[in-house]
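> with the input below, show me the fold.
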Amino acid sequence: QEAPAGTRTPFEAVLEAEKQRDPRALTPYGFTAYSQADEDGMIEELFRRIGTTNRKFVEFGCGDGLENNTVYLLLTGWSGLWMDGSAEGMRNIRAQFKPYADGGQLRLKEAFLTRDNINSIIREAGITGEIDLLSIDIDGNDYWLWEALTVIEPRAVIVEYNATFRPPHKLVQPYDPNYCWNSSNYFGASLKALEELGARKGYDLVGCCYAGTNAFFVRRDLCQGRFSDPPTAERHYREAQYDAFVRGAMRHRRSVGKYQIL
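Sure thing, here's the model as predicted:
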């Protein structure tokens, strides 16, 4: 049943209240067009604040191209590189996005990414140096690939975090070059672990999406009071609410695996 015209849904009311409390908060600006949750709107607002340069993106873990963080950018004039290890997903992308690939706006690379090959693969695709956005969503070695990445210098980074572990816990799944996600809640790294990795690489944590899946980082020199402080996991953590945007997706299947405590 739809809410009466002119009334706010509980979701909208929560975000409007957050915006009133802190106009610099990023989460209230979210919306979904092609992203899994509300990342599309947060990306748009983030770049409204810091501006764009070359409007280039790199995304690894792009799936079939119809539900990721940069497809909306691609369709609105950006260009970049998608990488994924799924042959089926890449076949779907080549079929759906043929005009963009043929025109050179979208570069594609089917590869199982590791911290040993990530830089060479991106370099061979012809992308180096400063880009506007990097998006990482591979449900496992996200932390380790971001740590190893040197060939590009993104102004903003989006990376999936494991909301099972709240601040101040700093946990990361041990690196395994052969790891494949089993659809459980055993994956990746906690938000606090990613906050500290980002800080070492020169990035501030500026927000998390409402669904509690993706964290947003901006290069520190670009923040300049534009985002809600402090740039910590304690300030920006959001619990997992997968069903906020995907009906029936309440939570990942519970599982246990080895974690490295930082």
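
> in space, what's closest to Phe187 - neighbours in sequence excluded?
Nearest non-adjacent residue to Phe187, counting by CB to CB, 6 or more residues apart in numbering: Asp139, 5.0 Å away. Every residue, glycine included, has its C-beta placed from N, CA and C.

> residues contacting the helix or strand harbouring Trp144, please?
Per DSSP states H and E, Trp144 falls inside helix 142-148. With contacts defined as CB atoms under 8 Å, 6 or more residues apart in numbering, helix 142-148 is touched by 60-61, 113-116, 118-119, 136, 138, 157, 159-160, 172-173, 175, 188-189, 193-194, 197, 201.

> among these, which are in strands?
Judged by DSSP state E, those include Phe60, Ile136, Val157, Val159, Glu160, Val172 as members of strands.

> which residues touch the fifth one?
For Glu160, the contacting residues are Gly61, Ile136, Asp137, Ile138, Asp139, Asp142, Gly188, Thr213, Asn214, Ala215, by CB under 8 Å, 6+ apart.

> give me the distance between the nearest residue to the second one once chain neighbours are set aside and Gly198.
The shortest distance from Ile136 to any residue that is not its chain neighbour, by CB to CB, 6+ apart, is 4.4 Å, and that residue is Val159. Using CB to CB, to the nearest Å, one gets 8 Å for the distance from Val159 to Gly198.

> would you map the strands across the stretch 151-262 of the chain?
152-160, 171-172, 203-208, 214-219, 260-261 (DSSP state E, counting those that start in this stretch).

> by contact count, what packs against the second one?
The elements that strand 171-172 packs onto, with contact taken as 3 or more CB pairs under 8 Å, 6 or more residues apart in numbering; DSSP states H and E, are strand 260-261.

> tell me the mean pLDDT for the strand it packs on?
Averaged over strand 260-261, pLDDT sits at 78.

> same check on stretch 51-69?
Averaging pLDDT along stretch 51-69 gives 92.

> which residue lies nearest the spatial centre of this structure?
Ile158 (3.2 Å; CA atoms, centre = their mean).

> so what's that residue up against?
By CB under 8 Å, 6+ apart, the neighbours of Ile158 are Glu39, Ile43, Asn69, Leu133, Leu134, Ser135, Ile136, Asp137, Asn214, Ala215, Phe216, Phe217.

> ok, now with 10 Å
Ile158 is in contact with 35, 39, 42-43, 46, 57, 59, 69-70, 133-137, 208-209, 213-217, counting by CB atoms under 10 Å, 6 or more residues apart in numbering.

> do Ser120 as well
Neighbours of Ser120 in contact, by CB under 10 Å, 6+ apart: Val151.

> can you check the pLDDT for it?
97.

> count of neighbours near the closest residue to Ile152 other than its chain neighbours?
Nearest non-adjacent residue to Ile152, counting by CB to CB, 6+ apart: Ile131, 5.4 Å away. Neighbourhood size, Ile131 [other CB atoms under 10 Å]: 23.

> phi, psi of Ile131?
When read as degrees, to the nearest 10, the backbone of Ile131 gives phi -130, psi 170.

> what residues are up against it?
53-58, 78-81, 122, 152-156.

> let's go with 7 Å and repeat that
The contact partners of Ile131, taken as CB atoms under 7 Å, 6 or more residues apart in numbering, are Asn54, Lys56, Phe57, Val58, Ile152, Pro154.

> is it bridged to anything, and to what?
Pro154 (DSSP bridges).

> report pLDDT for it.
So Ile131 comes in at 98 (pLDDT).

> one more: Ala249?
51.
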